[in-house]
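[1] this is a predicted model, with the sequence first.
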Amino acid sequence: REESKDAVAECISAGIKPIMITGDHKVTAAAIAKRIGILKDESEACEGAVIENMSDEELQDFVEGISVYARVSPEHKIRIVRAWQEKGNIVSMTGDGVNDAPALKQANIGVAMGITGTEVSKDAASMVLTDDNFSTIEKAMEEGRGIYVNIKKSILFLLSSNFGEIITMFVAVLLSLETPLKASHILWVNLITDSLPALALGVDKNDPASLMRKKPRDPNEGLFAHGGWLFTVFYGMLISAITLYAFHKGGQTYAFTVLGVSQLFHAIGMRDRDKSVLRMNHLDNPFMILAFFLGLALQVMVTEVPYFVRAFQTVQLSFGEWRWLLGISAIPLLMHEILLLPRLISGNRKKQ
């Protein structure tokens, strides 16, 4: 297929090594593999007979330098898959015939062809490719990476925001201060300025090119890998600090407002921890735009509408107070930009 060449290139840039295993002649297999970008040099192609008498240990060393296997048997396919697995790799195997079934079963993820595939291969596989197109596998990997990234963003956002609330109350108790937040305030923040942005982050449209330039993650890697814990603690303490500062300046209403609105700003930066907010395409996620302005409108409502002012025991704020509070609340987003400065400067130098 014409689109296979681009799909193979995307897989290689994503840290995935495509390997062709076929029963066809070596010359035919090598010609096709070269055309779609799997094979670079003839030395990377071999016939199944070459590995016939190799031990498993010898095969593990051998597979590193081979991209095309021709004239292979079902047993050869299993051994090749197992050799990569024993080297600590996650292996996906595609196939359509009865002879592919054992290797499909052995692989971490067996993918059978839905149109040309036999029932035996489909039963042995973990997934069935309904259009028999390799590029669909690449798109599925891209989608899977995006889903994982969105889950991680939502969880880190919620944990850092809630950690900020916990630290705010904990510090107030330690310093014997008046309670900076009422129970109704915390409940409101959790329901509105936590939940709405978290839902928006869960359906965020990520940059496909950026996702597919990264190496596959370790399956044992936790959500807090790559500085996740430090990120959560840092932003939690930052949100707590500005909330307590607002409380010191103007009381519970100030603290309540800053806590809620700062999390809305924090969510914007959470869309991409590696990209400036000025370089994000905010129209890609209209739900985040809706969550931000709806959350802000609801926060205004609890300080300006008399019924809600009485219900939440807040006080009405002037335009000047709102302007100051919005400025304080935007500090998490400002910090997002500041933390990216070294990386942006380094990137600009490389381009020069």
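    Nice, I can see it. Because the structure is a prediction, the values reported are computed rather than measured.

[2] name the nearest residue to F292, ignoring sequence neighbours.
    L264 (5.1 Å; C-beta to C-beta, 6 or more residues apart in numbering). To be clear about C-beta, it is placed using only N, CA and C from the backbone, and glycine gets the same treatment.

[3] mind giving me the packing neighbours of the helix or strand where that neighbour lies?
    Element membership for L264, per DSSP states H and E: helix 252-270. Secondary-structure packing of helix 252-270 (3 or more C-beta pairs under 8 Å, 6 or more residues apart in numbering; DSSP states H and E): helix 134-174, helix 183-189, helix 195-202, helix 228-250, helix 286-304, helix 319-329, helix 331-351.

[4] so what's the most centrally placed residue in the chain up against?
    In the chain, the C-alpha nearest the mean C-alpha coordinate belongs to V149, at 1.4 Å (C-alpha atoms, centre = their mean). Shown in contact with V149 (C-beta atoms under 8 Å, 6 or more residues apart in numbering): N206, L211.

[5] okay, it and R271: tell me how far apart.
    10 Å (C-beta to C-beta, to the nearest Å).

[6] neighbours of the closest residue to D6 other than its chain neighbours, how many?
    Leaving aside its chain neighbours, D6 sits nearest to S135 (7.0 Å; criterion: C-beta to C-beta, 6+ apart). Neighbourhood size, S135 [other C-beta atoms under 10 Å]: 18.

[7] would CSV of the helices and strands packed on helix 252-270 with distance to M127 and mean pLDDT be doable?
    Below are the helices and strands packed on helix 252-270 laid out as CSV (distance: least, C-beta to C-beta, whole Å; pLDDT from 0 to 100):
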stretch, distance to M127, mean pLDDT
helix 134-174, 8, 92
helix 183-189, 41, 94
helix 195-202, 23, 94
helix 228-250, 29, 94
helix 286-304, 29, 95
helix 319-329, 45, 96
helix 331-351, 37, 79
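
[8] same list, those helices, but as JSON lines with distance to I115 please.
    Converted to JSON lines, the helices and strands packed on helix 252-270 look like this (distance: least, C-beta to C-beta, whole Å):
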{"stretch": "helix 134-174", "distance to I115": "12"}
{"stretch": "helix 183-189", "distance to I115": "52"}
{"stretch": "helix 195-202", "distance to I115": "33"}
{"stretch": "helix 228-250", "distance to I115": "42"}
{"stretch": "helix 286-304", "distance to I115": "36"}
{"stretch": "helix 319-329", "distance to I115": "55"}
{"stretch": "helix 331-351", "distance to I115": "44"}
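
[9] of all these, which one comes closest to M20?
    helix 134-174 (10.7 Å; C-beta to C-beta).

[10] so the closest one versus helix 195-202, what angle?
    Computed by axes from the mean of the first three to the mean of the last three C-alpha atoms, to 10 degrees, the angle separating helix 134-174 from helix 195-202 equals 150 degrees.
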